[in-house]
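Participant: Kindly generate the corresponding structure for this input.
(one chain, ligands or ions: 2)
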Amino acid sequence: MWGFNITKTRAIDFDKNNREPMMEILRLEPSIRVCIACGACTATCTSGNLTPFNIRQLNVFMQRGEYQELKKEMHKCMLCGKCTLVCPRGVNLRHLILKTREVLLNEEPLFAQN
Ligand code: SF4
Ligand code: SF4
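Facilitator: Ligands and ions are numbered 1, 2, ... in the order given. Predicted coordinates:
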């Protein structure tokens, strides 16, 4: 009647998301807790230079408990480790990705010591 519609809310309801996988990933690689979202990892990412892959966005998806998006993107990482080298907060992103793959995709651990 007025020429516009009420749009669906974009608010994220954390209570609807299953946060258990995220808590397990945080237990396995707690260094991500000190991330300040500076974007240095994304800027240097080898895969991100060749594809739309965005490692910082993956961290956001994980913290929100939005695993479907995470699962679609995770295999784009080449595990080169450059993101870990440049992180000013010492976040071990490469290890985080390995652990995330194990938790969300039930992958076997790549290294026995992990
Ligand atoms: S470089 Fe480190 S602190 Fe910066 S966004 Fe990436 S993980 Fe977070
Ligand atoms: S380890 Fe993965 S996320 Fe990190 S720089 Fe290499 S390709 Fe990018």
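Participant: helix/strand/coil for residue 72?
Facilitator: helix (DSSP: H, G, I helix; E, B strand; the rest coil).
Participant: Could you check how far it is from ligand 1?
Facilitator: Using CB to the nearest ligand atom, to the nearest Å, residue 72 is found at 20 Å from ligand 1. For every residue, glycine as well, the C-beta is placed using N, CA and C.
Participant: now residue 84
Facilitator: With CB to the nearest ligand atom as the criterion, residue 84 and ligand 1 are 9 Å apart.
Participant: List phi and psi for the closest residue to residue 66 other than its chain neighbours.
Facilitator: In space, and not counting its chain neighbours, residue 66 is closest to residue 17: 6.9 Å by CB to CB, 6 or more residues apart in numbering. Per-residue torsions, residue 17: phi -90, psi 140 (degrees, to the nearest 10).
Participant: count of neighbours near residue 17?
Facilitator: By other CB atoms under 10 Å, the residues close to residue 17 number 14.
Participant: What lies in contact with whichever helix in the chain runs longest?
Facilitator: Counting by DSSP state H, the longest helix found in the chain is helix 93-105. Residues from elsewhere that reach helix 93-105 (CB atoms under 8 Å, 6 or more residues apart in numbering): 21, 24-25, 28-29, 31-32, 41, 55, 58-59, 62, 67, 70-71, 74, 77, 79-81, 83-84, 87, 107-111, 114.
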